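Asks: Pasting the sequence and the predicted model now:
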Amino acid sequence: MAISIMGGIGMMSFGVFGAPGLGYAKDRFAGESLRKADSAAYAEHKNAQPSSFLPFIFDEARGLDGKKLGEVQQHRDDIRTELAKAGNTDRQAVFDKLNPTERAANDASIEGDRKTLRVDSLIPATMAVIYLLLLVYFKLIGGYKPVHIDAESEAAYHAAQ
């Protein structure tokens with residue numbers, strides 16, 4: 001029961017701290033990607049408010065404006081629908097119809113998502129390494145050895161105090 005409660009507390013605390021961290025990472029990576037690809041598109045699509053996470057560790061980052069990015073994605077989806085009605089299912093044709101600024105913003109958003117997932121994958125990889133180290137440690141000490149506390153041991157312990 002206690003282990004389940006600790007697991008639940010861990011999941012909730014990760015939700016409280018992890019979600020803002022992932023949002024910051026997405027903003028940072030998407031903003032950096034667009035700034036490197038097309039500085040004019042970055043100036044047009046950057047968010048007015050900077051994103052921050054653990055300000056004593058990470059610098060502020062400006063991601064993409066969600067409203068403007070939503071408009072680009074809506075335009076992309078409208079083009080996809082028009083092309084599908086015409087019988088064209090070529091994915092590249094959709095992106096060819098976007099203007100260069102929209103294409104750069106869309107590509108930066110995708111790149112930001114991919115980099116965020118790569119960074120986020122470090123968390124379970126680190127946990128796996130820690131569990132493997134625990135496994136090796138217990139193998140080195142001869143396995144898990146339960147400790148039995150009986151009345152004599154407890155009395156001897158209190159007598160030594």
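Replies: Happy to help now that I have it. Since the structure is predicted, the reported quantities are computational estimates derived from the model, not experimental observations.
Asks: Point me to the helix or strand that includes Gly87.
Replies: Assigned by DSSP states H and E, Gly87 falls within no helix or strand.
Asks: Mind pulling the model confidence for it?
Replies: At Gly87, the model reports a pLDDT of 92.
Asks: Check the one 3 residues further on too.
Replies: On pLDDT, Asp90 comes in at 88.
Asks: Please apply the same query to Leu135.
Replies: Reading off the confidence values, Leu135 has pLDDT 92.
Asks: Gly142 versus that one, what's the distance?
Replies: Noted for Leu135: a distance of 13 Å to Gly142, by C-beta to C-beta, to the nearest Å. Quick note: C-beta positions are derived from backbone N, CA and C, even for glycine.
Asks: what about those two, which has more around it?
Replies: Leu135 (10 against 7; other C-beta atoms under 10 Å).
Asks: Would you quantify the distance from that one to Ala125?
Replies: 16 Å.
Asks: Tell me the buried residues in the helix or strand that contains Asp113?
Replies: For Asp113, the host element (DSSP H and E) is helix 100-120. Using 16 or more other C-beta atoms under 10 Å as the test for burial, helix 100-120 gives 101-109, 111-112, 115-116.
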